[in-house]
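Chemist: here's a sequence, model it:
(chains A, B, C and D)
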Number of protein chains: 2
Amino acid sequence: MQVQTRTREGRAAVVAIVDDDDSVREALRNLLRSVGYEVQTFGDPRAFLDSTEARAASCLVLDVRMPAISGFDLQGELSRRRIEIPVVFMTGFADVPMSVRAMKAGARDFLPKPFREQDMLDAVAAGVRSDLLRRDTEDRKVALAKRFAQLTTREREVMALATAGMMNKQIAFELGLSEITVKIHRGKVMRKMEAKSFAELVRLADELGLRGRA
Amino acid sequence: MQVQTRTREGRAAVVAIVDDDDSVREALRNLLRSVGYEVQTFGDPRAFLDSTEARAASCLVLDVRMPAISGFDLQGELSRRRIEIPVVFMTGFADVPMSVRAMKAGARDFLPKPFREQDMLDAVAAGVRSDLLRRDTEDRKVALAKRFAQLTTREREVMALATAGMMNKQIAFELGLSEITVKIHRGKVMRKMEAKSFAELVRLADELGLRGRA
DNA sequence: CTGCGCATCATACTTTCATATGATGCGCCC
DNA sequence: GGGCGCATCATATGAAAGTATGATGCGCAG
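Modeler: The predicted structure follows:
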């Protein structure tokens, strides 16, 4: 069975490894490379955070116990930075509360050392797969935000009120405009947002989190 | 500090306990009652599944190791039955893989025995709180489905196509109708669904999972 | 058989929406 | 100062949507 180790574009999916133990890094590097991943290793959590891999990687394999910055700290920092990379924890000193804490914080898996190679591969494969899905929706949202950024302030106001269900007349009153002006803004919104119907515009507004307030 | 132990309607939130050990059940019952929950205990997983509490309870405290049906089995059965009650596991024989498995299956918490009373209260409180939220959206969806059920087949078709962004003319062609008939159906849809605007109807359609196909 | 819900359509009218053309004014940058 | 983007509005026209009245036909339960 061949797992999914490539992105839609055909590039190998990147797996990042953060562990202060050289031999563990090397062993994991070989294991993951052998099934087709591109592997980036880091001996220091900070080095990972400062690298571009923090956003490029599709899965992070992370040791819990490390000097200075623990795996949990790193996970928390990623969360604060809104980096939603799937995290697979591993540790040689595992206990139940630790594993529960990690999972509650959003970890994909938690493997006590020593683990079976297949367990690691399964965990990484699951993480990579969900990351590819996440990136799809992420890409979509970025493209959407780019279109929304083209709108002027007025156009955003009109879009918000229109998708909230108001008629042009009401919008005009609310913004102190004439109805014809509202229509002009509305037409520009449709073009700039590339919405082929008003129904679609409503959905785009929802995806953008556009709500209620003018 | 007083935790949330009551529903919106003012009734005490129900916490179900499933454990084959009488003394554990009694101790938990006293603990949870002392902070204001209504407690239902079950010595047998099957008794719980067969009871009305399976759907009424806001949180389930569940022992992992029990005769015949394990806590995991019960969790799986609840999942199959689409009963999304928050589950807090507890066990005297905990290990890391077990806890990880439980959390991956959607458990809210996993407490090794013996646990601190406060830990259990925190876990239950978190479960109950999220369950109240879930019920809000659930109630909303039920009410929505009730309105949707009032629609005739034709009206549903028209609603689907209209919220997909089609013009009345296109809908008429698609369904082999005249445009005026489509308008009539559309008007009835708006009334029956209690939508005050087309934008709202689009959102209702999305909540109902109404998609694409006629 | 008769009533009822459902679906269908026509005619007619009103309102809303969309778009084009043309124009004015403002702030801003080179 | 002249061009440019933005906002504003008027007028005009056409399409789309919403509503009301009235009518026909079908199937089905009482």
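Chemist: contacts, neighbours, all on C-alpha from now
Modeler: Will do.
Chemist: name the residues of chain A found near chain B, please.
Modeler: When proximity is defined by CA under 8 Å from any CA of the partner chain, chain A lies next to chain B at A:94-97, A:99-100, A:103-104, A:108-112, A:163-166, A:196-200, A:202-203.
Chemist: residues in contact with the residue of chain A most remote from its centre?
Modeler: Residue farthest from the centre of chain A, counting by CA atoms, centre = their mean, is residue A:178 at 42.0 Å. The contact partners of residue A:178, taken as CA atoms under 8 Å, 6 or more residues apart in numbering or on different chains, are A:169, A:172.
Chemist: what's it sitting at in phi/psi?
Modeler: Main-chain dihedrals, residue A:178, degrees, to the nearest 10: phi -90, psi 160.
Chemist: how near is it to chain B?
Modeler: 21 Å (CA to the nearest CA, to the nearest Å).
Chemist: pLDDT score for that residue?
Modeler: On the pLDDT scale, residue A:178 is placed at 96.
Chemist: could you do residue A:8 as well?
Modeler: With respect to pLDDT, residue A:8 scores 63.
Chemist: ok so residue A:90 is a strand residue?
Modeler: Yes - checked against DSSP: H, G, I helix; E, B strand; the rest coil, residue A:90 lies within a strand.
Chemist: can you name the secondary structure element that comes next after the helix or strand bottoming out on mean pLDDT in chain A?
Modeler: Lowest on mean pLDDT, DSSP states H and E among the helices and strands of chain A sits helix A:53-56, with a mean of 92. Downstream of helix A:53-56, the next assigned helix or strand under DSSP states H and E is strand A:59-63.
Chemist: for that following strand, packing partners?
Modeler: With contacts taken as 3 or more CA pairs under 8 Å, 6 or more residues apart in numbering or on different chains; DSSP states H and E, strand A:59-63 sits against strand A:14-18, strand A:87-91, helix A:117-149.
Chemist: how many degrees apart are the first one and strand A:59-63 in direction?
Modeler: Between strand A:14-18 and strand A:59-63, the angle comes out at 10 degrees (axes from the mean of the first three to the mean of the last three CA atoms, to 10 degrees).
Chemist: mind listing what the closest residue to DNA strand D within chain A touches?
Modeler: Closest residue of chain A to DNA strand D, CA to the nearest atom of the strand: residue A:177 (3.3 Å). With contact taken as CA under 8 Å, 6+ apart, residue A:177 is in contact with residue A:171.
Chemist: give me the most central residue, chain A.
Modeler: Mean-position check on chain A, CA atoms, centre = their mean. Result residue A:84 at 4.3 Å.
Chemist: can you give me the neighbour number for the nearest residue to it once chain neighbours are set aside?
Modeler: Of all residues not flanking residue A:84 in the chain, residue A:78 sits nearest, at 7.1 Å (CA to CA, 6 or more residues apart in numbering or on different chains). Using other CA atoms under 10 Å in any protein chain shown, residue A:78 is surrounded by 17 other residues.
Chemist: now residue A:78, what are its backbone angles?
Modeler: phi -60, psi -40.
Chemist: one step back: so among the residues of chain A next to chain B, which ones count as buried?
Modeler: Neighbour counting over the residues of chain A next to chain B (16 or more other CA atoms under 10 Å in any protein chain shown) leaves A:94, A:96-97, A:99-100, A:103-104, A:108-112, A:163-166, A:198-200, A:202-203 as the buried ones.
Chemist: now stretch A:57-69 - C-alpha only, PDB.
Modeler: Below are the C-alpha coordinates for stretch A:57-69, written out as PDB (Å, rounded to 0.1, in the frame of the first residue of the first chain):
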ATOM      1  CA  ALA A  57       5.500  21.600   6.600                       C
ATOM      2  CA  SER A  58       2.500  19.300   6.400                       C
ATOM      3  CA  CYS A  59       3.200  17.500   9.600                       C
ATOM      4  CA  LEU A  60       5.300  18.100  12.700                       C
ATOM      5  CA  VAL A  61       6.900  15.200  14.700                       C
ATOM      6  CA  LEU A  62       7.700  16.600  18.100                       C
ATOM      7  CA  ASP A  63       9.500  15.400  21.200                       C
ATOM      8  CA  VAL A  64       7.800  16.400  24.400                       C
ATOM      9  CA  ARG A  65      10.900  16.700  26.600                       C
ATOM     10  CA  MET A  66      13.500  19.100  25.400                       C
ATOM     11  CA  PRO A  67      15.800  21.700  27.000                       C
ATOM     12  CA  ALA A  68      14.600  25.300  27.300                       C
ATOM     13  CA  ILE A  69      11.400  24.900  25.200                       C
END
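Chemist: mind listing what's buried along that stretch?
Modeler: Residues of stretch A:57-69 classed as buried: A:57, A:58, A:59, A:60, A:61, A:62, A:63, A:64, A:65, A:66 (neighbour count, 16+ other CA under 10 Å).
Chemist: walk me through the domains of chain A.
Modeler: Structural domains assigned to chain A are A:14-145, A:150-207, following automatic domain parsing.
Chemist: now render these as CSV, adding distance to DNA strand C.
Modeler: Formatted as CSV, the domains of chain A follow (distance: least, CA to the nearest atom of the strand, whole Å):
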stretch, distance to DNA strand C
domain A:14-145, 20
domain A:150-207, 4
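Chemist: any idea which of these gets closest to residue B:21?
Modeler: Comparison of the domains of chain A against residue B:21 by CA to CA identifies domain A:14-145 as nearest, at 22.0 Å.
Chemist: can I assume residue A:111 sits in a strand?
Modeler: Yes - the assignment for residue A:111 (three-state DSSP) places it in a strand.
Chemist: right, is stretch A:142-154 up against DNA strand D?
Modeler: Yes - Stretch A:142-154 lies within reach of DNA strand D by CA under 7 Å from any atom of the strand, at A:152, A:153, A:154.
Chemist: now do the second one against residue A:198, distance only.
Modeler: What that stands for is residue A:153. Residue A:153 sits 20 Å away from residue A:198, going by CA to CA, to the nearest Å.
Chemist: could you do residue A:90 as well?
Modeler: For residue A:90 relative to residue A:198 (CA to CA), the value is 49 Å.
Chemist: residue A:67 now?
Modeler: Distance from residue A:67 to residue A:198, by CA to CA: 55 Å.
Chemist: mind putting the helices and strands packed on strand A:59-63 into TSV with mean neighbour count and mean pLDDT?
Modeler: Converted to TSV, the helices and strands packed on strand A:59-63 look like this (neighbours: other CA atoms under 10 Å in any protein chain shown; pLDDT from 0 to 100):
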stretch	mean neighbour count	mean pLDDT
strand A:14-18	25	97
strand A:87-91	24	97
helix A:117-149	16	96
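Chemist: right, I'll leave it there.
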